[in-house]
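Trainee: Mind looking at a prediction? Sequence and model below.
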Amino acid sequence: MLKEVFSLVLSLYTLLYQTIVPCLEPEMLSVNAIDRQKHLGTWYFKAAVSHREADIQKFRVLDNIVFTMEERANDTLLLTGHMRMGDNCIKQTWTYHINLESNDLELEGRPQRKNLLWSGKWAECSECIIFQEIEPPLDKEKGTEDSLHRHMLYSRSSNSSDIVATFLKNAACHDMQANVTPRQEKEFCT
């Protein structure tokens, strides 16, 4: 009984708090209308958040990640990631197609995945972007065990702890408690 009363009081407090101090909403960037030249170049991975630990687990083993975004022909972007795992450098590339009739990027080979870009406003950072990946479960009858839903913060600067704190705070306000921030103890791979 006491547990139920406490739960009710906590729920009411949360509802009241959300009314008084609402969560900052992220600002979506329409991929077919953004200034692509502004977003090309080098980006440093700063943090990832999700509702579930499983969606961000793969980032935990990485010390740092730096990405380069290049534009290719025919509304195509090439993202090259240089990831530091221990003393090893891993290079991986992803090809994204810009669909002029939607707001998301299509990852080559994974058409079911929705890839959205958000402004850095959520991290109070004009030199940041937030990349959201959403993938439905393979078997909708089973639930969400194999689905994906995460937000990743990228910055033009390799040092930016204050923006990470703001990003994590705003994500937590949207009930995204699982988070990972790379240690960045080792040299970036190139």
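Mentor: Everything's here; your move.
Trainee: How far does stretch 169-179 sit from its chain's centre?
Mentor: Distance of stretch 169-179 from its chain centroid, counting by CA atoms, centre = their mean, to the nearest Å, is 12 Å.
Trainee: Where does the prediction get shaky in the protein?
Mentor: 1-21, 138-146 (pLDDT under 70).
Trainee: Grab the nearest non-local neighbour of Arg60.
Mentor: Val180 (5.5 Å; CB to CB, 6 or more residues apart in numbering). From N, CA and C alone the C-beta is placed, and that goes for glycine too.
Trainee: so that neighbour bridges to which residues?
Mentor: Ala48 (DSSP bridges).
Trainee: Now the terminal residues of stretch 36-55, how far apart.
Mentor: Using CA to CA, to the nearest Å, one end of stretch 36-55 lies 28 Å from the other.
Trainee: do stretch 101-111 as well
Mentor: Counting by CA to CA, you get 15 Å between the two ends of stretch 101-111.
Trainee: Pull out the buried residues from it.
Mentor: Neighbour-count burial for stretch 101-111 flags 104-107 (criterion: 16 or more other CB atoms under 10 Å).
Trainee: Which of the three states applies to Glu106?
Mentor: Put simply, Glu106 is strand when judged by DSSP: H, G, I helix; E, B strand; the rest coil.
Trainee: I'd say it and His97 touch.
Mentor: Yes. Contact criterion CB atoms under 8 Å: Glu106 and His97 qualify, at 4.5 Å.
Trainee: how many neighbours does the residue nearest to Arg60 have?
Mentor: 21 (other CB atoms under 10 Å).
Trainee: list the contacts for it?
Mentor: 47-48, 56, 59-60 (CB atoms under 8 Å, 6 or more residues apart in numbering).
Trainee: How about Cys125?
Mentor: 155, 160, 163, 166-167.
Trainee: In TSV: those residues, plus neighbour count and secondary structure.
Mentor: Converted to TSV, the contacts of Cys125 look like this (neighbours: other CB atoms under 10 Å; DSSP: H, G, I helix; E, B strand; the rest coil):
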residue	neighbour count	secondary structure
Ser155	22	strand
Ser160	20	coil
Ile163	21	helix
Thr166	20	helix
Phe167	30	helix
